[in-house]
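K.L.:
Here's my sequence, what's the structure:
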Amino acid sequence: MTKQKIIFDVVLPIAIVGLTACFIISNIPKNSLVLAADTASNSRTLGETISNTQVSICSTAPVISPTVIKTYRMRDRADGYGMLAAKDGGYVLTGDTVLSSGMGVWNAFVVKTDVKGNALWSRQFGSKSAAQGVLADTKRPVVQTKDGNFVVAVDIIDFYDAKYESKKELWGDVLVAKLNTKGNVVWSTMVGDYSMDFPQKLWATSDGGVILLAKLKQIVGISQGQEIGDSGAVPDYSVVIKFDKNGKTQWSKKMNWVATDMKYLPDGSFIALADIDTRVTEQADLGTDIAMGNLPAVIKLDKSLNVLWAKSIETPAMEQMMATSTASGAPEYYKVKMRVSAGDFRAVEQAPDGGFIAFGRYFSATQLISGNSSVSSLIESIPFVAVKISPEGEYQWAKSLKTFNSSMSIDFKVTKTNNNEFVLLRNITSKSGFSSLEGMAGNLELVRTDANFNPRWIKKINIEQDITGSDIQATKDGGVAASGRIITTAKHMIMGSPEPWEETFLIKADVNGNVSGVKNVANSTQVSLEDQSSYLIMQPMSVKVSSFNLAINKKVNAKVSNIKNTIRTNTAYKSSKVAPSCSYLTATQSSASPTAKTWPQINFESAKEVAAIGEKNQPINEELLPILKEVFGDKVKLKDSLPGMWLTYVFPRPDTRADVEAIQKKYEELGYKITSSDGGDLWVSKIGLTLHLEFSIQNSMAGKLEVRF
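P.N.:
Reported below is the predicted structural model:
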């Protein structure tokens, strides 16, 4: 049977910075608000009335909340990738460092600081890191174990495997090393597959051990140590590995998916976020659901990594009419449902009521509707979205939040504060535009929300020439600490040319996101917060976790040594009493039990009603509009009117052949002659006027009528 596409004119696929999104052509109307900051008293009243889950407890009682900004440089370039707020009030920073602006050998580093950001010790791993060229996979997780020591995980590519004495490890495995409080190695071990392997997360356990989440690639049919042309074509997957307090592997589990984010919960269970590949190349049965690419899913696992439930996050299903050729040559229509991702989800956290919130970037096509379709504008228009799920995996609500700082960044990080609120970190560009290097300068944006995603404050941070954040951690005083990389205004000579230093930074902000004495921390008070509950759905997904024996699991002697660390103070340490802000920028109430809207409803709501313009258009509309309102229950909008050419109407449900016949009867009663009526086409005429009414009866995505004359 030959299949061919017939009608589907409301979806536009767009590739953005390596991501392929399916943007819906609809300007969805919502209870959008763009407000300056409310007063604390008014906002608390809002907060008391908007709760859909247990609201965070926000106290305005003053707290001691220190601030500082320090930078650290090992060699010419030091890129920060991870950080930890330690139990003693200090910090642990991790990353990679290299000479000659990236043209040398990369080394992973660890820096331990005191509460003021002064370095107590700095260590490097003598084997080079696999960071260059794969920055999207570069993570340097670090945790503090029960005994107060630290465990760090890095990817390393130049250790030898005893099984293959003559061959080096060409791919890169995960080195897990425990350092004591003075920076000396307690133990180190290597795990992985014969492939490019990367650490993702580390968690300390109550028995003194750690759990590692890592992404591995299994190269099937290729000898160990053998290079291949395209490592990106090799399937990858995530594994969870448990180490005891001495670094011995106790168990390992393999997922048939790659975790985007994962959290180890207080009861020993896990919550994960992943993009699940459900695509199929052939549809054996007519009407089978088709996933348009990967679908984000929230996955709940028990202590043994058994899957308890998995739910996708999607837009309401889109439907496309397809046709097959019959023996007689007449087309036979059937319907295919298409499942589309609701966004690019990057983080998941546990909510105060025991449920979960998935954080992402919400895909929308509002900029296309307005005629602004540049890539930069599309990226800037993508808001944050938070999707709330109950402890049992039931969908509860969704909200989108858009700030008005310029942005070209899609990635972001989330941390949960000590009172069950959230702070989001993203990298943004300056608002001066994109015409110069200065216009492309990177800034940080911090957004604090309550447990229901209602924003309290937004901060924009600019340090020296450029700043990029890579990690954010809540601190016990209610503030946050962030780390990453800055490009300095100071320069040094490389091969006869002046080049800026690149340094790792530590920013400790207070409970309100401020840094004492810093002019370049700016408030942003405009925000749009919208209820998206009826525009998203969640469906069960099939995911697997299985037992797994690591191909590489061995003790190694990690080469860890001192490294020179140049430290600069950007903003001096200051400890102050700060009253937390409990006000809101704006707030919205989400649907308690959201019912997904159909695409005809969405497209009807999004349509802007126009007036009939033109000598012919006006009388035709005056005659036809009452008929349409009678047939469609008064739910009709005139969407377009081109004088002397056509009129276009939309309805909140698909039109049917029965609608065509009902309208045909009304025209007959008005004295029109019916010259043709077949499928969605209706031709009516009287002296001096012929109308061609084209109903979209094969389009289940929208109710639409075009009248030509």
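K.L.:
what about residue 628, helix or strand, and which?
P.N.:
Assigning secondary structure by DSSP states H and E places residue 628 in helix 617-631.
K.L.:
Show me which positions of that helix end up buried.
P.N.:
Of the residues in helix 617-631, 617, 620-621, 624, 627-628, 631 count as buried by neighbour count, 16 or more other C-beta atoms under 10 Å. For every residue, glycine as well, the C-beta is placed using N, CA and C.
K.L.:
Hmm, residue 81 is touching residue 471, no?
P.N.:
Yes. Shown here, residue 81 and residue 471 form a contact pair, counting by C-beta atoms under 8 Å, at 7.0 Å.
K.L.:
Now do the strands in the stretch 51-200 of the chain.
P.N.:
63-73, 77-85, 91-98, 107-113, 119-128, 142-144, 150-156, 173-179, 185-192, 198-204 (DSSP state E, counting those that start in this stretch).
K.L.:
of all those, which lies closest to residue 277?
P.N.:
With C-beta to C-beta as the measure, strand 198-204 is the member of these nearest residue 277 (18.1 Å).
K.L.:
by contact count, what packs against that closest one?
P.N.:
Using 3 or more C-beta pairs under 8 Å, 6 or more residues apart in numbering; DSSP states H and E as the contact test, the elements touching strand 198-204 are strand 142-144, strand 150-156, strand 173-179, strand 210-217, strand 259-264.
K.L.:
Direction included, what does the fourth one pair against?
P.N.:
Right, the one you point to is strand 210-217. According to DSSP bridges, strand 210-217 has the following sheet partners: strand 198-204 (antiparallel), strand 236-243 (antiparallel).
K.L.:
quick check: mean pLDDT across it?
P.N.:
Strand 210-217 carries an average pLDDT of 94.
K.L.:
swap in the first one?
P.N.:
Averaged across strand 142-144, pLDDT comes to 98.
K.L.:
Packing partners of it?
P.N.:
Against strand 142-144 (3+ C-beta pairs under 8 Å, 6+ apart) you get strand 77-85, strand 91-98, strand 150-156, strand 198-204.
K.L.:
same thing but at 7 Å, please
P.N.:
Packing partners of strand 142-144 (3 or more C-beta pairs under 7 Å, 6 or more residues apart in numbering; DSSP states H and E): strand 77-85, strand 150-156, strand 198-204.
K.L.:
closest to residue 392 out of those?
P.N.:
Closest among the helices and strands packed on strand 142-144, using C-beta to C-beta: strand 198-204, at 23.6 Å.
K.L.:
Is the closest residue to residue 645 other than its chain neighbours bridged to anything, and to what?
P.N.:
Leaving aside its sequence neighbours, residue 645 sits nearest to residue 708 (C-beta to C-beta, 6 or more residues apart in numbering; 7.0 Å). Counting by DSSP bridges, residue 708 forms beta bridges with residue 646, residue 692.
K.L.:
count of neighbours near residue 708?
P.N.:
Counted with other C-beta atoms under 10 Å, residues neighbouring residue 708 total 13.
K.L.:
Next: residue 525.
P.N.:
15.
K.L.:
Would you confirm that it contacts residue 585?
P.N.:
Yes. Between residue 525 and residue 585 there is a contact under C-beta atoms under 7 Å: 6.2 Å.
K.L.:
so the nearest residue to residue 268 once chain neighbours are set aside, which of the three states?
P.N.:
Of all residues not flanking residue 268 in the chain, residue 303 sits nearest, at 4.2 Å (C-beta to C-beta, 6+ apart). Three-state assignment for residue 303 (DSSP: H, G, I helix; E, B strand; the rest coil): coil.
K.L.:
Test of understanding: give the bridge partners of residue 459.
P.N.:
The bridge-partner assignment for residue 459, based on DSSP bridges, gives residue 446, residue 523.
K.L.:
Now do it, the pLDDT please.
P.N.:
Value for residue 459, per-residue pLDDT: 94.
K.L.:
ditto for residue 130
P.N.:
58.
K.L.:
still on that earlier bit, pretty sure the residue nearest to residue 645 contacts residue 647?
P.N.:
No. Residue 708 lies out of contact with residue 647 (C-beta under 7 Å); the separation is 8.5 Å.
K.L.:
pretty sure residue 303 contacts residue 270?
P.N.:
No. Here residue 303 lies out of contact with residue 270, judged by C-beta under 7 Å, at a distance of 8.2 Å.
K.L.:
Among those two, which residue is more densely surrounded?
P.N.:
It is residue 270, of residue 303 and residue 270, that has more neighbours when counted by other C-beta under 10 Å, with 24 against 11.
K.L.:
check contacts around the more buried one.
P.N.:
Neighbour list for residue 270: 262-264, 301, 305 [criterion: C-beta atoms under 7 Å, 6 or more residues apart in numbering].
K.L.:
hmm, back to that, considering the strands of the stretch 51-200 of the chain, which stretch scores lowest in mean pLDDT?
P.N.:
Mean pLDDT is lowest for strand 119-128 among the strands of the stretch 51-200 of the chain, at a mean of 88.
K.L.:
So which elements touch that one?
P.N.:
By 3+ C-beta pairs under 7 Å, 6+ apart, strand 119-128 packs against strand 107-113, strand 150-156, strand 560-562.
K.L.:
any idea how far the residue nearest to residue 645 lies from residue 201?
P.N.:
According to C-beta to C-beta, to the nearest Å, residue 708 stands 59 Å off from residue 201.
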